[in-house]
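[1] A structural model of the following input is requested.
(one chain, ligands or ions: 2)
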Amino acid sequence: MKLKNFFKNLLIKADGILFNKHLTCNLCGCEIFDGKDFCESCFKSITLNDNIVCETCGRKVNVSTSRCDSCKGEWAVDKARSAFIYTGGAEKLIKDLKYANKQYLAEIIAPYLKEVYVKNFFAPDAITFVPMSEKSELKRGFNQAYLLAKELAKLTDNRLIAPLIKHKDTPKQESLNKKARQENLLKCFKVIDAKAVKDKRILIVDDVLTTGATAHALAEKLKDKGAKSVYLLTVASVVKRI
Ligand SMILES: [Zn+2]
Ligand SMILES: [Zn+2]
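    Ligands and ions are numbered 1, 2, ... in the order given. Below is the predicted model of the structure:
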């Protein structure tokens, strides 16, 4: 760990202790006295993704379907679910975790992931996370998907594995068509531990499901190495693919 990151992490830990997460709302910081994670008005701003969802990608839909417009066609993930809709309080929570260095939020979010996990994923063999490139992880100081996966593995008593790496940053893709973008994305990831995934049912954890392109690329990579099924659990999902 670089010295800069060491001190950064130390400050975050101190912040977690001083700014006691059980006495203050984890979104607005106001004082709360009931031991909950959020104050009443912040909790109301978090939309649970607990109504009708697409059976495959888990996005909110109006009419029940096995494949919605966002995931129809080729999508190698067998089943995806998310705890929240990516808007309001849930969006802020994720942004705070990622960009405001509030790593302790992974611990706050994990029980919500566990609830979705218990209802939807029957004992996967292992839990993993979307990897970041070394450069991006050094810049941020941590990988939020790793933190979430680690907390979830702890809560569900499952095995946390790291069979994937991102050995290259995703190139700028605006001018490319969908197929070329997908091929580029596939080139960014690599399975470095095939033994850990062969014949296994793997659950990938990530923060947000947006286009689903990264999850698709990772599922393809894992299945190439013999993974039996690949599932995805995200903190939040956008309602329609963007
Ligand atoms: Zn609040
Ligand atoms: Zn869908």
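[2] three-state assignment of the residue nearest the centre of the chain?
    Residue closest to the average C-alpha location in the chain (Cα atoms, centre = their mean): D206, at 1.4 Å. Three-state assignment for D206 (DSSP: H, G, I helix; E, B strand; the rest coil): strand.
[3] Contact partners for it?
    D206 sits next to 129-130, 145, 148, 214-215, 232-235 when contact means Cβ atoms under 8 Å, 6 or more residues apart in numbering. Where you see a C-beta, it was placed from the backbone N, CA and C, and this is true even at glycine.
[4] Now T65. Its backbone dihedrals?
    Dihedral pair for T65: phi -150, psi 150, per degrees, to the nearest 10.
[5] What sits closest to the residue lying farthest from the centre of the chain if chain neighbours are left out?
    In terms of distance from the mean C-alpha position of the chain, F33 ranks first, at 29.7 Å (Cα atoms, centre = their mean). Excluding the flanking residues, the one nearest F33 by Cβ to Cβ, 6 or more residues apart in numbering is L23, at 7.7 Å.
[6] mind listing what that neighbour touches?
    31-33.
[7] how's the protein carved up into domains?
    1-44, 45-237 (automatic domain parsing).
[8] Out of these, the one nearest ligand 2 is which?
    domain 45-237 (3.1 Å; Cβ to the ion).
[9] Can you identify each of the helices in the protein by residue range?
    For the chain, applying DSSP state H gives helices covering 3-18, 40-44, 88-99, 105-120, 134-140, 144-156, 178-188, 213-224.
[10] The ones you listed into CSV, with extra columns for mean pLDDT and mean neighbour count?
    Putting these into CSV (pLDDT from 0 to 100; neighbours: other Cβ atoms under 10 Å) gives the following:
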stretch, mean pLDDT, mean neighbour count
helix 3-18, 56, 12
helix 40-44, 96, 14
helix 88-99, 97, 18
helix 105-120, 97, 19
helix 134-140, 95, 13
helix 144-156, 98, 21
helix 178-188, 88, 15
helix 213-224, 97, 21
